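S.K.: next come a sequence and a model predicted from it.
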Number of protein chains: 2
Amino acid sequence: MTGETQELVERYWQTTNARDWEAFGKTLHADVVYEIPQTRERVRGRAGFVDFYQTYPGDWTLELARLVADQNQAVSLTAFRANGQEQTEITIFEFKDGLISRIIDYWPEPYEPPKRASKFVERY
Amino acid sequence: MTGETQELVERYWQTTNARDWEAFGKTLHADVVYEIPQTRERVRGRAGFVDFYQTYPGDWTLELARLVADQNQAVSLTAFRANGQEQTEITIFEFKDGLISRIIDYWPEPYEPPKRASKFVERY
């Protein structure tokens, strides 16, 4: 169900962006689990996860930048924009019964690079 | 070429881990571009990128934890282990002429979560 998983993730982001929480909830399995490994935060269940998004502060918008999907899982990169700033969000999706059953979310932040041994590294 | 892209990325990680730089180089397009958006670092070309890996300090090992591939792109999550510590590496791959032509690498770090508006967020 490659096309199905791709369509489901596209709908997940479209409905999030549109604040259409009813349609958003329909992309999710009732037992969906959401995790942010960097903060060790977790939300269990559809109602809780819809609440997490619905109460997310700020006047944010999301733009889907990249999506890779196979039959069992998908990864998206989105540009999360709020207060004139942009952050990259990397999201892993797993599926069950044709719905999103697990979401693992990463928020990589800029950092200063270490001194590199290779002379081939340039900055941009 | 879903199977091909998947096989290529598996070979990329196997040869890296084995320090088999000749076989590693054979997974790469001559004009491969490697980027770390968090540090704005870039390496251009196969020889430079092999050098970047070959000179990477420490007694590290990598374990492929997740791989999603379609015909045009792939994303892997690897556990990068060095000096008793483990970091998650998220890598995006693009392909050209049956070889890896672009690599975008993210290194998400732990951070303290903000205060959440939703009462459904737990820590783990």
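M.R.: Thanks, I have the structure now. Numbering: from 1, shown residues only, chains lettered A, B, ... in the order given.
S.K.: what about chain A, any weak spots by pLDDT?
M.R.: Along chain A, the model assigns pLDDT under 70 to residues A:1-2.
S.K.: let's check: the centremost residue of it is which one?
M.R.: In chain A, the centroid-proximal residue (C-alpha atoms, centre = their mean) is A:T91; its distance is 3.5 Å.
S.K.: just how off-centre is the helix or strand encompassing that one within its chain?
M.R.: Assigned by DSSP states H and E, A:T91 belongs to strand A:85-96. Centroid displacement of strand A:85-96 relative to its chain, using C-alpha atoms, centre = their mean, to the nearest Å, is 2 Å.
S.K.: right, and the helix or strand after it?
M.R.: Counting by DSSP H and E, the element after strand A:85-96 in chain order, helix or strand, is strand A:99-106.
S.K.: quick one: is that following strand near chain B?
M.R.: Yes. Using C-beta under 8 Å from any C-beta of the partner chain, we find that strand A:99-106 touches chain B at A:Y106. Where you see a C-beta, it was placed from the backbone N, CA and C, and this is true even at glycine.
S.K.: run me through the strand neighbours of that strand, direction for each.
M.R.: Strand partners for strand A:99-106, identified by DSSP bridges, are recorded as strand A:28-36 (parallel), strand A:85-96 (antiparallel).
S.K.: please enumerate the strands of chain A.
M.R.: A:28-36, A:41-44, A:61-69, A:73-82, A:85-96, A:99-106, A:122-123 (DSSP state E).
S.K.: pull out the buried positions in stretch A:67-81.
M.R.: A:L67, A:V68, A:A69, A:D70, A:Q73, A:A74, A:V75, A:S76, A:L77, A:T78 (16 or more other C-beta atoms under 10 Å in any protein chain shown).
S.K.: can you list contacts of that stretch?
M.R.: For stretch A:67-81, contacts defined as C-beta atoms under 8 Å, 6 or more residues apart in numbering or on different chains pick out A:1-2, A:5-6, A:8-10, A:13, A:60-66, A:86-95, B:2, B:66, B:68-70, B:73-75, B:92.
S.K.: before we move on, what about stretch A:10-19?
M.R.: With contacts defined as C-beta under 8 Å, 6+ apart, stretch A:10-19 is touched by A:21, A:23-24, A:27, A:53-54, A:61-62, A:64, A:67, A:76, A:78, A:93, A:100.
S.K.: pull that stretch out as CSV, backbone CA atoms only.
M.R.: Extracted in CSV, the C-alpha atoms of stretch A:10-19 (Å, rounded to 0.1, in the frame of the first residue of the first chain):
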residue,chain,number,x,y,z
GLU,A,10,-0.1,13.9,2.8
ARG,A,11,-3.6,14.1,4.3
TYR,A,12,-2.1,14.2,7.8
TRP,A,13,-0.1,17.3,6.9
GLN,A,14,-2.9,19.0,4.9
THR,A,15,-5.4,18.6,7.7
THR,A,16,-2.9,19.7,10.3
ASN,A,17,-2.2,22.9,8.4
ALA,A,18,-5.9,23.5,7.8
ARG,A,19,-6.6,23.0,11.6
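S.K.: can you pull the buried residues of that stretch?
M.R.: Residues A:E10, A:R11, A:Y12, A:W13, A:T15, A:T16 are the ones in stretch A:10-19 that count as buried (16+ other C-beta under 10 Å).
S.K.: quick one: closest of the strands paired with strand A:99-106 to A:Y111.
M.R.: Closest of these to A:Y111 is strand A:85-96, at 13.1 Å (criterion: C-beta to C-beta).
S.K.: what's the angle between that closest one and strand B:61-69?
M.R.: Here strand A:85-96 runs at an angle of 80 degrees relative to strand B:61-69 (axes from the mean of the first three to the mean of the last three C-alpha atoms, to 10 degrees).
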